[in-house]
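[1] coords please:
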Amino acid sequence: MTHAILLDEPGGPEVLQWRQIADPVAGEGELVVRHTAIGLNFLDTYFRTGLYKAPQGYPLIVGSEAAGVVEAVGPGVDDFAVGDRIAYGFALGAYAERRTLPAASALKIPDGVTDEVAAAMMLKGMTARYLLTETYKVDPSTTLLFHAAAGGVGSIAGQWAKAIGATSIGTVGSAAKAELAKAHGYTHVINYAEEDFVARVKEITGGKGCDVVYDSVGRDTFPGSLKCLRPLGLYALFGQSSGPVDDFKLADLAGKSLFATRPGLAVYVGTRERLVANAADVFEMVRGGKVTIPVEQTFALEDAAEAHRALEGRRTTGSSVLIP
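    Okay, here's the model as predicted:
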């Protein structure tokens, strides 16, 4: 039998239960994958609490990114073989020792990338990639603000922005996280526990403001983020770790003719072609040494509840993985 983390209803970390499930069988267009490492993301907590509704009902297996080895190939699959090392970045159901996976979601892990790094980089790395190259096309003239700069996506985005040559400002919540953000490429780092990030951004930019703000925090950083933008700047809200932004009004954008968007990875990698192109760029940045994936914490898969407590308690930095 295979073990997985299941929940029968939404709730706190305590609803995550280590249980046996039926062994997976590959159907048409599917793979059976034995996981070797599973990525931990705030997205997982959104599905756990019911903030995001899963397309299937309960019992539910959360988790959206992982790495592993192909154990079986279903009919109609020609691009993968038993023994291939693969990873994926947006396929719900990762908190399991083994699973079925649509072959269209799988990506072969190139030589030189470990399974732990692959599991930690797919969802977060592809998110950083679409944010910096598609949601707003960052170039050397760009000044950007990135909240949660010491987190999984933030740590990758800081390095990616540095490789582009942009001026990057990162916010963090402690002195230790400030050092991590600096180490991951941010030009300027603001510890919002000690400084007013809006005032500091104005100081850094000489009053001009930023071209783009990337915000995965939500309630705690809005509407201050809008105040950090230059006229015609873009506010990109791609997460809500502190809670949803529920007081937004279009009139908030009028003073400086700002733009606002709520992007999501599912759309940006919504076709096989887009998925492959995005992942190829992420793998290339890692293999070329421009981006290092900081796997700072590991947890046993059966300890997923404790991992969620650490994540929500802001006791993690960089990326974390669960090991089956």
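[2] For stretch 169-177, buried residues please.
    Within stretch 169-177, the residues scored as buried using 16 or more other CB atoms under 10 Å are 169, 170, 171, 172, 173, 177. To be clear about C-beta, it is placed using only N, CA and C from the backbone, and glycine gets the same treatment.
[3] Any idea how far apart the tips of that stretch sit?
    End-to-end span of stretch 169-177 (CA to CA, to the nearest Å): 14 Å.
[4] State the mean pLDDT of it.
    On average, the pLDDT along stretch 169-177 is 94.
[5] from the chain's centre, how far out does it sit?
    The chain centre lies 18 Å from the centre of stretch 169-177; the measure is CA atoms, centre = their mean, to the nearest Å.
[6] Tell me who's in contact with the residue nearest to residue 132 when sequence neighbours are not counted.
    Excluding its sequence neighbours, the residue lying closest to residue 132 (CB to CB, 6 or more residues apart in numbering) is residue 138, at 4.6 Å. With contact taken as CB atoms under 8 Å, 6 or more residues apart in numbering, residue 138 is in contact with 132, 144, 161, 164, 166, 212.
[7] tell me which of these is nearest to residue 29?
    Lowest distance from residue 29 to those (CB to CB) belongs to residue 132, with 32.0 Å.
[8] how much space is there between the closest residue to residue 188 other than its chain neighbours and residue 210?
    Using CB to CB, 6+ apart and skipping the chain neighbours, the partner closest in space to residue 188 is residue 169 (4.6 Å). According to CB to CB, to the nearest Å, residue 169 stands 7 Å off from residue 210.
[9] can you tell me which residue is nearest the centre of the chain?
    Among the residues of the chain, the one closest to the centroid is residue 124, at 3.1 Å (CA atoms, centre = their mean).
[10] Just grab the bridge partners of the residue nearest to residue 188 for me.
    residue 145, residue 188 (DSSP bridges).
[11] got a list of what it touches?
    Contacts of residue 169 (CB under 8 Å, 6+ apart): 143, 144, 145, 146, 186, 187, 188, 189, 190, 201, 204, 210.
[12] got it, and residue 258?
    Going by CB under 8 Å, 6+ apart, residue 258 touches 226, 229, 231, 232, 233, 234, 235, 252.
[13] Give me the pLDDT for it.
    In this model, residue 258 is scored at 97, pLDDT.
[14] Tell me the bridge partners for the closest residue to residue 82 other than its chain neighbours.
    Counting by CB to CB, 6+ apart, residue 82 lies nearest to residue 70, which is 5.5 Å off, once chain neighbours are set aside. Counting by DSSP bridges, residue 70 forms beta bridges with residue 33.
[15] And residue 54, how far from residue 257?
    Counting by CB to CB, the gap from residue 54 to residue 257 is 38 Å.
[16] the more surrounded of these two?
    Neighbour comparison, residue 54 and residue 257: the larger count goes to residue 54, with 17 against 9 (by other CB atoms under 10 Å).
[17] and that one, which of the three is it?
    coil (DSSP: H, G, I helix; E, B strand; the rest coil).
[18] Quick check, it in contact with residue 92.
    Yes. If you go by CB atoms under 8 Å, residue 54 and residue 92 touch, sitting 6.2 Å apart.
[19] Could you pull out the residues contacting both of those two?
    In contact with both residue 54 and residue 92: 47, 62, using CB under 8 Å, 6+ apart.
[20] Could you list the residues in contact with stretch 125-135?
    89-90, 138, 144, 153, 156-157, 160-161, 164, 212, 214, 234, 236, 238, 261, 263, 265, 268-269, 278-279, 281-282, 285-286, 291, 293.
[21] List only buried entries from those.
    The buried subset of those - by 16+ other CB under 10 Å - is 89-90, 138, 144, 153, 156-157, 160-161, 164, 212, 214, 234, 236, 238, 263, 265, 268-269, 278-279, 281-282, 285-286, 291, 293.
[22] So residue 260 lies in a strand, does it not?
    Yes. Assessed with three-state DSSP, residue 260 lies in a strand.
[23] could you measure it against residue 56, distance?
    Separation of residue 260 from residue 56 (CB to CB) stands at 31 Å.
[24] Likewise for residue 246?
    27 Å.
[25] cool, and residue 210?
    From residue 210 over to residue 56 the distance is 40 Å, taken as CB to CB.
[26] Comparing these two, which residue is more hemmed in?
    A count of neighbours by other CB under 10 Å puts residue 210 above the other of residue 210 and residue 56, at 25 against 10.
[27] Specify the beta-bridge partners of that one.
    Beta-bridge pairing for residue 210 (DSSP bridges): residue 229.
[28] can you list the domains in this structure?
    Domain segmentation of the chain under automatic domain parsing yields 2-121+271-323, 140-262.
[29] now those domains in a markdown table, with distance to residue 128?
    Formatted as a markdown table, the domains of the chain follow (distance: least, CB to CB, whole Å):
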| stretch | distance to residue 128 |
| --- | --- |
| domain 2-121+271-323 | 8 |
| domain 140-262 | 4 |
